[in-house]
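**Q** Return atomic coordinates for the entry below.
(one chain, ligands or ions: 2)
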Amino acid sequence: MTDTKPEHREKGSSVRPLRMLLPFVAPYKGTVVLAIGALLISSAALLAMPMAVRNVIDHGFSVENAANVDRYFFVLLLFSLVIGFFGAARSYFVNWLGERVVADIRDQVFQHVIKMDAEFFEVTKTGEVLSRLTTDTTLIQSISGVGLSIVLRSSIQFVGSLFLLAYTNLKLMGILLLIFPFVVTPVILLGRWLRQLSRETQDRVADASGHASEVLNAVEVVQAFTAEVLESERFGKAIASSFRTAVKRTKVRALFSTVATTCVFGSLIFVLWVGAQGVLAGEITGGELGQFVLYSMFVAVSAGMLTEMWGEVQRAAGAMERLSVLLTLTPTIRAPADPAEFPEQSVGSICFESVSFSYPSRPDLLAVDEFSLDIAPGENIAFVGPSGAGKSTLFQLLLRFFNPTSGRILIDGVDITLAAPEDVRKRLGIVPQETIVFGANAAENIRFGRPDAADEQVMAAARAASAHEFIEQLENGYDTFLGEKGARLSGGQKQRIAIARAILKDPPILLLDEATSSLDAENERLVQAALEFLQKDRTTIVVAHRLATVLHADRIVVIDQGQILDVGRHAELIERNSMYSRMVRLQFGNAHNEEPQLKSAV
Ligand SMILES: Nc1ncnc2c1ncn2[C@@H]1O[C@H](COP(=O)(O)OP(=O)(O)OP(=O)(O)O)[C@@H](O)[C@H]1O
Ligand SMILES: [Mg+2]
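**A** Ligands and ions are numbered 1, 2, ... in the order given. The predicted model follows:
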């Protein structure tokens, strides 16, 4: 978050990015027209008010016109009704627009971000995306709602009042214009300083909350390493620093209002004094002076509002710019213009043709190196290899989260880089290495595999995954909330939920990344049974960490440093491949004891 800020700050003075709001406002032309209409009517009434006041002063108080007094005041009352009603209407329509536009922007940003590729999420912190979705859109909300309303009203008031001032009395207007710079300059300078300070405060707050969210997300680790005091101190420091900036800002704000009030009222009183001389000398009427003073106040108030809002407008422009940068990013993994079609009925064949790949964040390391493998439909393949060999990476490539640096991957005979990512992923089911359970209930978590599945189908999948029993035992069965990230389940239970999800999706090709964490014997047996059910009648690739899995496989692929070392069945490999036999010994631990059994099993 912090790294993108400075460059945007440099451009902060430009409000041009706000033009990018136009396409979002465009669909609501009707409301825009209503808002502008209400604005014009209420502004006109407001600007006419001083003239009415002038008439009251000049004619209303003379004895011969006594009959008119009621009329004048009635007109004044009408004006204030118009101002009140249309002012409220303007405010309503503009705020409605603001809320609508921001809701649309949020929608669009989320829809866009969720389609971004793995590379994007590798370099972008989720916290930053979240802050764009919430903080930046809120900034825009304030400007496109209340802010815009104030800016529009004040601009019209400012310009209108200036014209009417000139119309009322040119000489007084001249004096006012002469002293104007002396009033405005200090106000603007202080205002700038103030804005800078409030940005600083916000940065400090953002630092502190960024730090807090990072720590809270990993609170278990913090507590396990008893780093609570240290982390609290760090947070405390960030808070203290934000407090200091805030106090400084408050001081400048106090100074600002002192100077602004003194200058504005001082100059008004001065003009009033000059005007009073004029009235005494019979050059102008009392009503004229009253009218003039009212217009000068309008000018002062609207000028003050505009300078106040200017900072807001700039911040909103910065936010809009950041958002539109986000919106213009296109994922590198996307459907080509004319995506290749997969055969209607999936066969489930996979072919790696000398695939090489390095992660964008580590271009010097070949995570997959000239990998070639043909997998026949229905085959059960096991990937075996040390940690970091590239097994999970091969799954990422199959799911087209990344494109291979060179070589091709074919599924059902189609090069997946030429197909739409959704079409590829529809054919694949994955039970990932780290099980993801959402903060929803059990049924919803399983139904994630196929949103339109009926309750019976969800239960059938759970049964097949050996998950039905433990789900039934939860306090509300399938309706039980599983806690954030499935915090209320054991590792093995989470896995079985993930397997049920894959069973429900019923994909032609199944990718299984077995977790290295060892399950207890009972859980292991249950998960194994679920997996065997899943592997029936479909192509499966399993990253094997369990002996039972490799025994099961039609072919075992031994992988190291992204390369294939050997391919064969367990019995062959254990004879001829030293790495494999060593791994079996180390990873599956008790393999030795089971060896006699194994031989008969294979
Ligand atoms: N997102 C990533 N960015 C950069 N490098 C990565 C990324 N993910 C994995 N790697 C690197 O790629 C290599 C292969 O990692 P991979 O996750 O495929 O290993 P693995 O065989 O699944 O290991 P394990 O058995 O521990 O799960 C490793 O050297 C790893 O450090
Ligand atoms: Mg892995």
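
**Q** use CA for all of it now, contacts and neighbours both
**A** Noted.

**Q** Near ligand 1, which residues of the chain are found?
**A** By the rule CA under 6 Å from any ligand atom, the part of the chain lying against ligand 1 is 359, 361-362, 367, 386-393.

**Q** switch to 5 Å and redo it
**A** 359, 367, 387-393 (CA under 5 Å from any ligand atom).

**Q** Show me which of those are buried.
**A** Burial by neighbour count, 16 or more other CA atoms under 10 Å: within the residues of the chain next to ligand 1 this picks out 359, 367, 389-393.

**Q** mind giving me the domain ranges of this protein?
**A** Domains of the chain are assigned by automatic domain parsing as 16-168+314-330, 170-283, 428-506.

**Q** Show the average pLDDT along the last one.
**A** When you say that, I think you mean domain 428-506. Domain 428-506 carries an average pLDDT of 86.

**Q** Next, the distance between the ends of that domain.
**A** Length of domain 428-506, first residue to last, CA to CA, to the nearest Å: 9 Å.

**Q** burial count for Ser256?
**A** Actually, residue 256 is Phe rather than Ser. Neighbourhood size, Phe256 [other CA atoms under 10 Å]: 20.

**Q** cool, Val146 as well?
**A** 16.

**Q** And the next helix or strand past the top helix by length along the chain?
**A** Identified as the longest helix of the chain according to DSSP state H is helix 228-280. Once helix 228-280 ends, the next helix or strand along the chain (criterion: DSSP states H and E) is helix 286-328.

**Q** Quick one: list the elements packing against the next helix-or-strand element following that next one.
**A** Next in sequence after helix 286-328, counting helices and strands by DSSP H and E, comes strand 350-357. Applying 3 or more CA pairs under 8 Å, 6 or more residues apart in numbering; DSSP states H and E, we find strand 350-357 packed against strand 368-375, strand 406-411.

**Q** residues making contact with the last one?
**A** The set of residues external to strand 406-411 that reach it, using CA atoms under 8 Å, 6 or more residues apart in numbering, is 348-357, 370, 398, 415-417, 424.

**Q** Equivalent analysis for stretch 376-389, please.
**A** Contacts of stretch 376-389 (CA under 8 Å, 6+ apart): 347-350, 367, 375, 391, 535, 537-545, 549-550, 552-563, 580, 583.

**Q** Same question for stretch 192-209.
**A** Stretch 192-209 has contacts (CA under 8 Å, 6+ apart) with 235, 238-239, 241-243, 245-246, 248-249, 252-253, 311.

**Q** ok, 6 Å please
**A** By CA atoms under 6 Å, 6 or more residues apart in numbering, the residues outside stretch 192-209 that reach it are 238, 242, 245-246, 249.

**Q** Just the buried residues of the residues you listed.
**A** Using 16+ other CA under 10 Å as the burial test, those include 238, 242, 245-246, 249 as buried.

**Q** tell me which residues of stretch 176-194 are tucked away?
**A** Neighbour-count burial for stretch 176-194 [16+ other CA under 10 Å]: 176, 183-184, 187-188, 190-192, 194.

**Q** Please disregard the earlier target; I meant stretch 501-521.
**A** So for stretch 501-521, counting by 16+ other CA under 10 Å, buried means 501-515.

**Q** and stretch 336-345, average pLDDT?
**A** Confidence over stretch 336-345 (mean pLDDT, whole number) is 87.

**Q** same check, this time on stretch 69-81
**A** If you average the pLDDT values across stretch 69-81, you get 84.

**Q** now swap in stretch 557-574 and tell me
**A** Mean pLDDT, stretch 557-574: 92.

**Q** Check the offset of that stretch from the chain's centre.
**A** Distance of stretch 557-574 from its chain centroid, counting by CA atoms, centre = their mean, to the nearest Å, is 44 Å.

**Q** that older thread, in helices, which of the contacts of stretch 376-389 fall?
**A** 391, 535, 549-550, 552, 580, 583.

**Q** which SS state does Phe182 fall under?
**A** Secondary structure for Phe182, judged by DSSP: H, G, I helix; E, B strand; the rest coil, is helix.

**Q** thinking again about what came up before, okay if I get the contacts of stretch 192-209 as CSV plus pLDDT?
**A** CSV is the format used below for the contacts of stretch 192-209 (pLDDT from 0 to 100):
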residue, pLDDT
Ala238, 83
Ser242, 83
Thr245, 86
Ala246, 86
Arg249, 86
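
**Q** Need these in a markdown table (columns: distance to Ser406).
**A** A markdown table is the format used below for these (distance: CA to CA, whole Å):
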| residue | distance to Ser406 |
| --- | --- |
| Ala238 | 47 |
| Ser242 | 50 |
| Thr245 | 53 |
| Ala246 | 54 |
| Arg249 | 56 |
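
**Q** Alpha carbons only: can I get the helix or strand harbouring Leu162 in CSV?
**A** Secondary structure assignment for Leu162, by DSSP H and E: helix 148-168. Below are the C-alpha coordinates for helix 148-168, written out as CSV (Å, rounded to 0.1, in the frame of the first residue of the first chain):
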residue,chain,number,x,y,z
LEU,A,148,-20.2,17.5,-5.3
SER,A,149,-23.3,19.0,-4.0
ILE,A,150,-21.4,21.6,-2.0
VAL,A,151,-19.0,22.3,-4.9
LEU,A,152,-21.8,22.8,-7.4
ARG,A,153,-23.8,25.0,-5.0
SER,A,154,-20.8,27.1,-3.9
SER,A,155,-19.5,27.6,-7.5
ILE,A,156,-22.9,28.9,-8.6
GLN,A,157,-23.2,31.0,-5.5
PHE,A,158,-19.7,32.4,-5.9
VAL,A,159,-19.9,33.4,-9.5
GLY,A,160,-23.5,34.6,-9.2
SER,A,161,-22.8,36.7,-6.1
LEU,A,162,-19.7,38.3,-7.8
PHE,A,163,-21.8,39.3,-10.8
LEU,A,164,-24.6,40.6,-8.6
LEU,A,165,-22.1,42.5,-6.4
ALA,A,166,-20.8,44.3,-9.5
TYR,A,167,-24.4,45.0,-10.4
THR,A,168,-25.3,46.3,-7.0
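
**Q** Give me the contact list for it.
**A** Counting by CA under 6 Å, 6+ apart, residues outside helix 148-168 touching it are 173, 295, 299, 302.

**Q** tell me which residues in that helix are buried?
**A** Applying 16+ other CA under 10 Å to helix 148-168 flags 148-158, 160-162, 164-165, 168 as buried.

**Q** how much does that helix deviate in direction from helix 286-328?
**A** Angle, helix 148-168 to helix 286-328, by axes from the mean of the first three to the mean of the last three CA atoms, to 10 degrees: 150 degrees.

**Q** would JSON lines of the ones in helices among the contacts of stretch 376-389 with distance to Glu220 and pLDDT be doable?
**A** Formatted as JSON lines, the ones in helices among the contacts of stretch 376-389 follow (distance: CA to CA, whole Å; pLDDT from 0 to 100):
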{"residue": "Lys391", "distance to Glu220": "29", "pLDDT": "92"}
{"residue": "Gln535", "distance to Glu220": "36", "pLDDT": "79"}
{"residue": "Thr549", "distance to Glu220": "32", "pLDDT": "78"}
{"residue": "Val550", "distance to Glu220": "35", "pLDDT": "83"}
{"residue": "His552", "distance to Glu220": "37", "pLDDT": "80"}
{"residue": "Tyr580", "distance to Glu220": "36", "pLDDT": "88"}
{"residue": "Met583", "distance to Glu220": "32", "pLDDT": "82"}
